[in-house]
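Novice: 3D model of this:
(one chain, ligands or ions: 1)
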Amino acid sequence: MQFSKIIAGVMKWGVWGAGFATTEYDRIIRQSLDAGVSTFDHADIYGDYTTEAEFGAVIGRDPALRLQMQLVTKCGIRMVSPHRPQHNLKSYDTSYHHILTSVDRSLKNLHTDYLDALLIHRPDVLMDADEIARAFDALKASGKVLHFGVSNFTPAQLRLLHSRFPVEIHQVECSIVHLHPFLDGTLDQCQELNILPMAWGPLGSGRFFDPMPDAQTTRIRKCAENLATKYASTPDGILLSWLLQHPAGIAPVIGTSKPERIANAAAMTKLHLEREDWYQLWTASTGTEVP
Ligand SMILES: NC(=O)c1ccc[n+]([C@@H]2O[C@H](COP(=O)([O-])OP(=O)(O)OC[C@H]3O[C@@H](n4cnc5c(N)ncnc54)[C@H](OP(=O)(O)O)[C@@H]3O)[C@@H](O)[C@H]2O)c1
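Specialist: Below you'll find the predicted structure:
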């Protein structure tokens with residue numbers, strides 16, 4: 001698998017956030033590529049089912065761009081939306097038919113004939129591992145999808161699917177304010193099974209920049225600011241390098257819509273925090289000394 005170490009999440013590039021026009025998508029895509037951030041994280045539902053197509057319009061205008069990037073998308077959530085009038089209730093669907101239909105739509109939206117990776121967006125209570133494996137087998141055989149993964153699964157759910165089909169990626173919420181994956185077996189399992197962990201919400205989904213920070217955020221900010229001075233970096237850069245340093249090889253999926261922040265994040269792949277500094281941040285997050 002060849003994904004960039006920092007991944008650009010596009011969830012807030014369309015109507016769920018920045019509301020980019022095609023020229024703005026064009027600009028941020030090219031600036032990301034120039035900065036070495038070549039992997040883009042999508043989901044069929046982003047922007048109420050509209051963001052994939054808005055992003056894809058840029059590839060449609062300049063197909064050569066496709067060769068310089070990796071596209072990740074997700075499926076499995078059925079959102080209630082004017083774009084899906086047949087959905088009456090928000091629910092999950094990981095059936096063979098839903099997965100294949102969703103991939104065909106994503107390919108069309110993104111103006112491409114293959115996805116670098118497809119993730120099951122959320123664990124579906126009714127999911128049948130054999131059926132998902134059958135869908136993944138068909139997508140692999142047709143060349144429509146190169147790599148497969150899941151998102152927000154428990155280690156047990158992942159292991160079940162992995163027993164039927166090799167899972168290669170696990171995308172989970174993971175940051176200095178969301179430490180569960182470090183402790184609940186998720187990152188251990190990624191190392192054990194050679195799975196690439198992708199961290200969504202790597203900056204606490206913007207929580208660090210809240211003008212009214214809570215006590216935990218205040219502690220982390222102070223610590224990150226001190227370390228930013230020490231390493232001639234920025235506080236958000238320090239928090240990304242904190243994730244990048246974990247031995248599981250975490251790839252942060254950053255959610256910014258500002259090209260300069262993407263370039264700054266890419267530079268963090270070269271920063272190495274001393275072990276004690278890494279634990280200083282951990283301690284700032286938990287509020288107590290390690291046992
Ligand atoms: N698999 C899943 O279930 C799942 C769930 C949620 C998200 N995701 C993926 O993960 C991606 C990232 O998630 P996220 O948005 O929660 O990530 P995040 O990177 O933790 O947060 C992004 C937010 O932080 C703000 N921000 C970043 N740097 C800043 C700075 N220096 N100063 C002030 N504000 C700053 C951004 O605003 P600006 O735009 O102004 O920079 C944006 O609102 C999404 O785009 C999506 O691709 C996946």
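
Novice: residues contacting the residue of the stretch 51-200 of the chain found nearest the ligand?
Specialist: Evaluated by CB to the nearest ligand atom, the stretch 51-200 of the chain has residue 200 as its residue closest to the ligand, separated by 3.4 Å. Using the backbone N, CA and C atoms, a C-beta is placed for each residue, glycine as well. With contacts defined as CB atoms under 8 Å, 6 or more residues apart in numbering, residue 200 is in contact with 9, 41, 151, 171-174, 253, 255.

Novice: narrow these to those that are buried.
Specialist: Members of these that pass the buried threshold by neighbour count (16 or more other CB atoms under 10 Å) are listed as 9, 41, 151, 171-174, 253, 255.

Novice: which ones among those residues also lie next to the ligand?
Specialist: When CB under 6 Å from any ligand atom is taken as the criterion, the members of the buried ones among the contacts of residue 200 that contact the ligand are 9, 41, 151, 171, 253, 255.

Novice: with pLDDT and secondary structure added, can I get these in JSON lines?
Specialist: Conversion of these to JSON lines gives the following (pLDDT from 0 to 100; DSSP: H, G, I helix; E, B strand; the rest coil):
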{"residue": "9", "pLDDT": "98", "secondary structure": "strand"}
{"residue": "41", "pLDDT": "99", "secondary structure": "strand"}
{"residue": "151", "pLDDT": "98", "secondary structure": "strand"}
{"residue": "171", "pLDDT": "98", "secondary structure": "strand"}
{"residue": "253", "pLDDT": "98", "secondary structure": "strand"}
{"residue": "255", "pLDDT": "98", "secondary structure": "coil"}
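
Novice: at which residues are the helices of the stretch 151-291 of the chain located?
Specialist: The residue ranges that make up the helices of the stretch 151-291 of the chain, judged by DSSP state H, counting those that start in this stretch, are 155-162, 180-183, 186-193, 215-230, 235-244, 259-267, 275-286.

Novice: for the second one, buried residues please.
Specialist: Counting neighbours by 16+ other CB under 10 Å, one finds that the buried residues in helix 180-183 are residue 181.

Novice: the ligand contacts on this structure?
Specialist: Where the chain comes near the ligand, counting by CB under 6 Å from any ligand atom, the residues are 9-12, 41, 121, 151-152, 171, 200-206, 209, 236, 253-258, 261.

Novice: no further queries at this time; thank you.
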